[in-house]
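Enquirer: Everything below, folded, please.
(2 chains)
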Protein chains: 2
Amino acid sequence: MLYLVGLGLSYTTDITVRGLEIVKKCKRVYLEAYTSILMQADKEALEEFYGREVILADRELVEGGSDEILAGGETDDIAFLVVGDPFGATTHSDLVIRARELGIKMETIHNASVMNAVGACGLQLYQFGQTISLVFFTDSWKPDSFYDKIMENRKIGLHTLILLDIKVKEQSIENMARGRLIYEPPRYMNIETACSQLIEIEEIRNEQAYTENTPCVAVSRLGSPGQTFKAGSLKQLTQYESGEPLHSLIMLGRQVHDLELEYLYEFVDNKEEFKRLVEADQEFFKPPAWVPPEENDSD
Amino acid sequence: MLYLVGLGLSYTTDITVRGLEIVKKCKRVYLEAYTSILMQADKEALEEFYGREVILADRELVEGGSDEILAGGETDDIAFLVVGDPFGATTHSDLVIRARELGIKMETIHNASVMNAVGACGLQLYQFGQTISLVFFTDSWKPDSFYDKIMENRKIGLHTLILLDIKVKEQSIENMARGRLIYEPPRYMNIETACSQLIEIEEIRNEQAYTENTPCVAVSRLGSPGQTFKAGSLKQLTQYESGEPLHSLIMLGRQVHDLELEYLYEFVDNKEEFKRLVEADQEFFKPPAWVPPEENDSD
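Expert: Numbers count the residues shown, from 1 in each chain, chains lettered A, B, ... in the order given. Purely as a prediction, here's the structure:
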């Protein structure tokens, strides 16, 4: 049996009681260690809490050799631990499909992930459109496909959750070219960088999917003791000192309910100013919701 | 201190270890009992597992008299338990805003909810648009505002999570008129009803936001031992025997990745037929992504 166990966001104790029972009884326990980190716990802390060995599973192991993880899964119990919920990232679908091919049964122990816990900032989850990812730009590589997705979301008034790049166990181009398995220190995109990159792309594309005055919410260390929300314009947040990782960003859509706004006021420097930002931003994609054109003559 | 504690989806043991520690130490523990149910546990099972009393909090208590829940919260620890994650429903924002007004500190213990656990069906969470709710129709009341939201999602190729109505502690019109506090048995919308209602509204609106051939995924008893996924056309699913609650439905958008499709094949009667449904449905909102018109002359 393969158990996919979500670890939640931060503490060793964010695992569910059921998840912990399973981890304790499994023959091998892998920790997926390349798409996110548990903010308040490393491998050693987890091993101490579980009272057993935990095997770090990096990208090579999961994507290249999932058969190693799944070995013996027809008879043995194997746990694959994932920060957040196991179904947050594509790569785990891969593992599950492979397990199926091998005839290995599977059970998921779900947990909170940024995709639902982000509701803690007061914005309603059902008002979010598609989620986008923002990667670290380089001088020559500034992928901007996210821009169209933000445009689509905002055209219909929806909020956009923006997941920020995490680089764990990455090689420099030189080390990669020379085949040296030397890895760079981990990097986690902060709010300042994310907002600067977003403004940079808006300046290039200039289609006003958003502007530097568009209201956003910085989500820092969600679910951990240092959890912080900060609401302000994109431009203001380029100056925000967001601190330790992990961070996410939300760009507001036009459909901001009064109750949402009331909630966000707790996280602003100046309530009146933020209200004006929200109202000004609501002018961009009027009318309230995009209505598709009548395309057929059947009526 | 007010602790908002997510219970997850199904088992008593779906609470996190941290959540359980908090529940055990609080002075009063309330269970929100009107927006969802824990599929494998009732109040008594929770009380036995926690080793303490749990107070049922119905809509009247939470929305009308949240001060009763919050009483003493400046000095005492109070837990408010919510099935899924505490930030799934608007009503809890209300409670949090009231706690703030009273100067009561607050901490959230997140957990899985349908909003993220639904990824277990193999569709990628970042490809979902706004979430909609479908209520039980009556002869005279068939609210269809969800239709425009599905249209918006599907125009840009996104999947739509459809939350199905739950009626707990509802009064009949007659009992309400006579002021009798007699409640109807709980009702949980099943897949068959949901799909029939969706087709009914498409027949009325006739704007082809979707058709009876649009591919959908029935999500039944998510996170519980009897968890079942079934993929098929909207029409096929009107004949599906979805069984015990709870249920949700996903309507696919055009942006179905191969990996998503591969995953869904596990849940179909006929793989080739389902593939044809998906391909036919992809014709509806071409081109691949909706591109906003150029509205300004600034360039």
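
Enquirer: Which elements pack onto the longest helix along chain A?
Expert: Looking across chain A with DSSP state H, the single longest helix is helix A:191-205. With contacts defined as 3 or more Cβ pairs under 8 Å, 6 or more residues apart in numbering or on different chains; DSSP states H and E, the packing partners of helix A:191-205 are strand A:132-134, helix A:145-155, strand A:160-164, strand A:215-220, helix A:234-237, strand A:247-251. Any C-beta I mention is one placed from the backbone N, CA and C, and that applies to glycine too.

Enquirer: let's see it at 10 Å
Expert: Counting contacts by 3 or more Cβ pairs under 10 Å, 6 or more residues apart in numbering or on different chains; DSSP states H and E, helix A:191-205 is packed against strand A:132-134, helix A:145-155, strand A:160-164, strand A:215-220, strand A:228-233, helix A:234-237, strand A:247-251.

Enquirer: Just name the most buried of the ones you listed.
Expert: Highest mean neighbour count among the helices and strands packed on helix A:191-205 (mean count of other Cβ atoms under 10 Å in any protein chain shown): strand A:215-220, with a mean of 26.

Enquirer: Run the angle between that strand and strand A:247-251 for me.
Expert: 160 degrees (axes from the mean of the first three to the mean of the last three Cα atoms, to 10 degrees).

Enquirer: What pairs with strand A:215-220, parallel or antiparallel?
Expert: strand A:228-233 (antiparallel), strand A:247-251 (antiparallel) (DSSP bridges).

Enquirer: got the CA coordinates for that strand in PDB?
Expert: Extracted in PDB, the C-alpha atoms of strand A:215-220 (Å, rounded to 0.1, in the frame of the first residue of the first chain):
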ATOM      1  CA  PRO A 215      -4.400  46.000  -4.600                       C
ATOM      2  CA  CYS A 216      -2.700  42.800  -3.400                       C
ATOM      3  CA  VAL A 217      -2.200  40.800  -0.300                       C
ATOM      4  CA  ALA A 218       1.200  39.500   0.800                       C
ATOM      5  CA  VAL A 219       0.900  36.200   2.500                       C
ATOM      6  CA  SER A 220       4.000  35.300   4.600                       C
END
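
Enquirer: mind listing what the closest residue to A:R205 other than its chain neighbours touches?
Expert: Distances taken as Cβ to Cβ, 6 or more residues apart in numbering or on different chains place A:Y147 nearest to A:R205, at 5.5 Å, with adjacent residues excluded. By Cβ atoms under 10 Å, 6 or more residues apart in numbering or on different chains, A:Y147 lies in contact with A:132, A:198, A:201-202, A:204-205, A:207, A:209-210.

Enquirer: still on that earlier bit, now do the longest helix of chain A, average pLDDT.
Expert: For helix A:191-205, mean pLDDT is 98.

Enquirer: buried sites along it?
Expert: Residues of helix A:191-205 classed as buried under the neighbour-count rule (16 or more other Cβ atoms under 10 Å in any protein chain shown) are A:191-199, A:201-202.

Enquirer: ok, residues contacting the host helix or strand of A:E174?
Expert: Assigning secondary structure by DSSP states H and E places A:E174 in helix A:173-177. For helix A:173-177, the surrounding residues in contact (Cβ under 10 Å, 6+ apart) are A:138, A:170-171, A:180-184.

Enquirer: from those residues, which would you call buried?
Expert: A:E170.

Enquirer: farthest pair in the contacts of helix A:173-177?
Expert: Distances among the contacts of helix A:173-177 were taken as Cβ to Cβ; the most separated pair is A:T138 and A:L181, at 21.8 Å.

Enquirer: can you put the contacts of helix A:173-177 in a markdown table and add pLDDT, distance to A:L56 and secondary structure?
Expert: A markdown table is the format used below for the contacts of helix A:173-177 (pLDDT from 0 to 100; distance: Cβ to Cβ, whole Å; DSSP: H, G, I helix; E, B strand; the rest coil):
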| residue | pLDDT | distance to A:L56 | secondary structure |
| --- | --- | --- | --- |
| A:T138 | 94 | 28 | coil |
| A:E170 | 80 | 16 | coil |
| A:Q171 | 81 | 17 | strand |
| A:R180 | 85 | 20 | coil |
| A:L181 | 81 | 15 | coil |
| A:I182 | 86 | 17 | coil |
| A:Y183 | 85 | 13 | strand |
| A:E184 | 86 | 17 | coil |
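
Enquirer: which residues of chain A fall in helices?
Expert: Under DSSP H, chain A gives helices at A:17-25, A:43-50, A:59, A:66-70, A:90-101, A:114-117, A:145-155, A:173-177, A:191-205, A:234-237, A:258-264, A:271-281.

Enquirer: Present the ones you listed as a markdown table; the columns should include distance to A:V5.
Expert: Formatted as a markdown table, the helices of chain A follow (distance: least, Cβ to Cβ, whole Å):
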| stretch | distance to A:V5 |
| --- | --- |
| helix A:17-25 | 5 |
| helix A:43-50 | 11 |
| helix A:59 | 19 |
| helix A:66-70 | 13 |
| helix A:90-101 | 11 |
| helix A:114-117 | 17 |
| helix A:145-155 | 30 |
| helix A:173-177 | 32 |
| helix A:191-205 | 30 |
| helix A:234-237 | 34 |
| helix A:258-264 | 32 |
| helix A:271-281 | 40 |
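
Enquirer: Can you confirm whether stretch A:9-28 lies near chain B?
Expert: Yes - Stretch A:9-28 reaches chain B (Cβ under 10 Å from any Cβ of the partner chain) through A:9-22.

Enquirer: so how far is that stretch from its chain's centroid?
Expert: 21 Å (Cα atoms, centre = their mean, to the nearest Å).

Enquirer: Then stretch A:43-55?
Expert: 25 Å.

Enquirer: Could you give me the buried positions within it?
Expert: Those would be A:46-47, A:49-50, A:54-55, for stretch A:43-55 by 16+ other Cβ under 10 Å.

Enquirer: Check stretch A:123-138 too.
Expert: Buried, per 16+ other Cβ under 10 Å, within stretch A:123-138: A:123-132, A:134-137.

Enquirer: Which of the residues you listed fall in strands?
Expert: A:132, A:134 (DSSP state E).

Enquirer: how about a markdown table for the buried residues of stretch A:123-138, with distance to chain B and pLDDT added?
Expert: Output for those, formatted as a markdown table (distance: Cβ to the nearest Cβ, whole Å; pLDDT from 0 to 100):
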| residue | distance to chain B | pLDDT |
| --- | --- | --- |
| A:L123 | 9 | 96 |
| A:Q124 | 6 | 94 |
| A:L125 | 5 | 95 |
| A:Y126 | 4 | 95 |
| A:Q127 | 6 | 95 |
| A:F128 | 7 | 97 |
| A:G129 | 5 | 97 |
| A:Q130 | 6 | 97 |
| A:T131 | 4 | 97 |
| A:I132 | 7 | 96 |
| A:L134 | 12 | 97 |
| A:V135 | 14 | 96 |
| A:F136 | 19 | 97 |
| A:F137 | 20 | 97 |
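
Enquirer: Much appreciated, bye for now.
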